[in-house]
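A.B. asks: below is the sequence, then the predicted model.
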Amino acid sequence: MADFRRSRLDHRPEPPGQQRPDTPPMTPTRVASAPPRERRIAHLDMDAFFASVGLLRYPDLRGQPVVIGGWASPPENGQYARLRDYVGRGVITTATYEARALGVHSAMGMMKAARLAPDAIVLPVDFQAYRHYSRLFKAAVAVITPCIEDRGIDEIYLDLTDLNDDSMALGRALKRAVRDATGLVCSVGISPNKLLSKIASDLDKPDGLTIIGPGDLERRIWPLPASKVNGIGPKATRKLQTLGIVTIADLAAAAPDLLQQHFGLGTAQWLLDVAHGRDDRPVVTESEPKTISRETTFERDLHARHDRALLSQIFLELCEHLSQDLARKGVRGATVGIKLRFDDFRIVTRDLTLDAPVTDAEAIHRAAGQCLKRVTLNRRLRLLGVRVSKLEPIAAPHEPHRPVQLELC
Ligand code: TTP
Ligand code: MG
Ligand code: MG
């Protein structure tokens, strides 16, 4: 029998030219009697972070163009280094918004920056201070919600779904908490997913608060250049431009076949998903056990009835591979889930939490089969995935539960 699967696409593709910004590919949908609430995710990013921390130490520089550069020595007797005195090949780490107004930005050569803003003041880097303020602002917002994903020194995602206040009030509370704890200003984006919130937090910097609600995708996101999507790097941007795709709206309207021809099936699907604002990645807190998943995208769309034998075989193999993955990692999990993508790119997930954690292929197959029965298979399928979550170590069943850190293989 012909095998229509791609060689081994176990996970969603890397966005072109870059590492995928976050994992994992599947989001559990809780089985509950009440319909799930729409998710509410915030992305919070500090404004001109290194430079702003520098200004806390040298408040007399507020309102002036200031850049951070590795070479500068600490100011002495109120004497600051100026960009015009710089000679060398160093680059700007970041710049205050006053310096940005003169055309200076991160990663720009210092000599070039000196031509644009000769009087700008240069402060040396101070990683100890950045780490200190990074810890402070993260601790401050953790009072509002503990569901925080750390994305680096100056940014985080927060899951606000379970909080009752409206998004504007929550956004203001987050910004106030950061300012009270650190004296620093940040920008926040709030939307139903990480992808849109990341774009939103950047839309009104500095001191921004941007909420993407119904209808805002077309109005606020689509006019932006495709490169604003986290994961569409310079290489992919150039390639898209050669296809006449400049904005996110262009991408949303692009023919799937054209994208597939130039980027491959998986990346084409990802590009269309992001252009339509679709992103089901969860906010992953450090203490949260991760998920192990296997998924496969078919070379042609498969029909639930006509291709039943082939689908069954693929389904069983996914469960077997997943079981082997669990064994290799020494973990087992109590929640088994499936993910389907239909030929209209709609994604459906179902999951089932069992009484006891499982690891063997048969048990995973049985539970995943039950999940599958809860989906109406009235369209052809492009992708099938199986996952196991709520992971715990197999070797030490009597030990208190410890979160396991797993790399998705
Ligand atoms: P960013 O959040 O990208 O930038 P920013 O906080 O300076 O400015 P914005 O208001 O646009 O968010 O990065 C956070 C810090 O990471 C930044 O202050 C300095 C450091 N950084 C580098 O060291 N090199 C770089 O190329 C960039 C972009 C940032
Ligand atoms: Mg920042
Ligand atoms: Mg940042």
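C.D. replies: Here it is on my side, so go on. Ligands and ions are numbered 1, 2, ... in the order given.
A.B. asks: how far away is the closest residue to Ile221 other than its chain neighbours from Thr93?
C.D. replies: Nearest residue to Ile221, sequence neighbours excluded (CB to CB, 6 or more residues apart in numbering): Ile248, at 5.7 Å. (Glycine included, C-beta is placed from N, CA and C.) For Ile248, the distance to Thr93 equals 29 Å [CB to CB, to the nearest Å].
A.B. asks: can you check Gln241 too?
C.D. replies: Counting by CB to CB - Gln241 and Thr93 are separated by 29 Å.
A.B. asks: and Ser191, how many neighbours?
C.D. replies: Ser191: 28 surrounding residues under other CB atoms under 10 Å.
A.B. asks: Leu203 is in contact with that one, correct?
C.D. replies: No. Counting by CB atoms under 8 Å, Ser191 does not reach Leu203; the two are 10.7 Å apart.
A.B. asks: where does the residue of the chain most remote from its centre fall, phi/psi-wise?
C.D. replies: The outermost residue of the chain relative to its centre, with distances by CA atoms, centre = their mean, is Asn77 at 44.3 Å. Note on Asn77: its backbone torsions stand at phi 50, psi 40 [degrees, to the nearest 10].
A.B. asks: Ala42 now?
C.D. replies: According to degrees, to the nearest 10, Ala42 has phi -110, psi 140.
A.B. asks: ok, now Ala173?
C.D. replies: phi -60, psi -40.
A.B. asks: returning to what we had before: which of Gln241 and Thr93 has more neighbours?
C.D. replies: Taking other CB under 10 Å, Gln241 and Thr93 do not tie; Thr93 has more neighbours (17 against 14).
A.B. asks: with adjacent residues omitted, what lies nearest to that one?
C.D. replies: Ile68 (4.3 Å).
A.B. asks: residues in a beta bridge with the one you found, which ones?
C.D. replies: Beta bridges link Ile68 to Thr94, Leu123 when assigned by DSSP bridges.
A.B. asks: contact partners for it?
C.D. replies: 50-51, 54, 92-95, 122-125 (CB atoms under 8 Å, 6 or more residues apart in numbering).
A.B. asks: and the gap between it and Gly90?
C.D. replies: On the measure of CB to CB, Ile68 and Gly90 end up 11 Å apart.
A.B. asks: name the residues that touch stretch 128-147?
C.D. replies: 44, 46, 49-50, 53-54, 56-57, 148, 150, 153-154, 156, 158-160, 162-163, 170, 173-174, 177-178, 180-182, 184, 186, 283, 285.
A.B. asks: one more pass at 7 Å, please.
C.D. replies: With CB atoms under 7 Å, 6 or more residues apart in numbering as the test, stretch 128-147 has contacts from 44, 46, 49-50, 53, 148, 150, 153-154, 156, 158-160, 163, 173-174, 177-178, 180-182, 184, 283, 285.
A.B. asks: just to confirm, which helix or strand has Ile190 in it?
C.D. replies: Under the criterion DSSP states H and E, the helix or strand holding Ile190 is strand 186-191.
A.B. asks: burial check on Arg84, number of neighbours?
C.D. replies: Considering only other CB under 10 Å, Arg84 is surrounded by 12 other residues.
A.B. asks: mean confidence for the helix or strand harbouring Val388?
C.D. replies: Val388 belongs to strand 381-393 when assigned by DSSP H and E. Strand 381-393 carries an average pLDDT of 92.
A.B. asks: CA atoms only for it - export them in CSV, please.
C.D. replies: Only the C-alpha atoms of strand 381-393 are listed here, as CSV (Å, rounded to 0.1, in the frame of the first residue of the first chain):
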residue,chain,number,x,y,z
LEU,A,381,-7.8,15.1,7.2
ARG,A,382,-4.5,16.7,6.6
LEU,A,383,-2.8,15.9,9.9
LEU,A,384,-3.2,13.5,12.8
GLY,A,385,-1.4,13.8,16.1
VAL,A,386,-1.4,12.0,19.5
ARG,A,387,0.0,13.3,22.7
VAL,A,388,0.5,12.3,26.3
SER,A,389,0.6,15.0,29.1
LYS,A,390,0.5,15.3,32.9
LEU,A,391,3.9,13.5,32.8
GLU,A,392,5.6,12.0,35.8
PRO,A,393,8.8,9.9,36.1
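A.B. asks: partner strands of that strand and their direction?
C.D. replies: Here, using DSSP bridges, strand 381-393 pairs with strand 292-302 (antiparallel), strand 331-342 (antiparallel).
A.B. asks: get me the contact residues on the chain for ligand 3.
C.D. replies: Contact residues (CB under 5 Å from the ion) of the chain with ligand 3: 45, 154-155.
A.B. asks: with secondary structure, neighbour count and pLDDT added, can I get those in JSON lines?
C.D. replies: Shown next, in JSON lines, are the residues of the chain next to ligand 3 (DSSP: H, G, I helix; E, B strand; the rest coil; neighbours: other CB atoms under 10 Å; pLDDT from 0 to 100):
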{"residue": "Asp45", "secondary structure": "strand", "neighbour count": "20", "pLDDT": "98"}
{"residue": "Asp154", "secondary structure": "coil", "neighbour count": "22", "pLDDT": "96"}
{"residue": "Glu155", "secondary structure": "strand", "neighbour count": "20", "pLDDT": "97"}
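A.B. asks: take those residues and lay them out in CSV including distance to ligand 1.
C.D. replies: Shown next, in CSV, are the residues of the chain next to ligand 3 (distance: CB to the nearest ligand atom, whole Å):
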residue, distance to ligand 1
Asp45, 5
Asp154, 4
Glu155, 6
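A.B. asks: ok, and which of those reach ligand 2?
C.D. replies: Applying CB under 5 Å from the ion to those, those adjacent to ligand 2 are 45, 154.
A.B. asks: now, which of the residues of the chain next to ligand 3 sits nearest Thr210?
C.D. replies: For these, the closest approach to Thr210 (CB to CB) belongs to Asp45, at 11.3 Å.
A.B. asks: contacts only, for the closest one.
C.D. replies: Asp45 sits in contact with 154-155, 186-187, 201, where contact means CB under 7 Å, 6+ apart.
A.B. asks: in a markdown table: those residues, plus distance to Leu102.
C.D. replies: What follows is these, written out as a markdown table (distance: CB to CB, whole Å):
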| residue | distance to Leu102 |
| --- | --- |
| Asp154 | 22 |
| Glu155 | 25 |
| Cys186 | 23 |
| Ser187 | 21 |
| Ser201 | 24 |
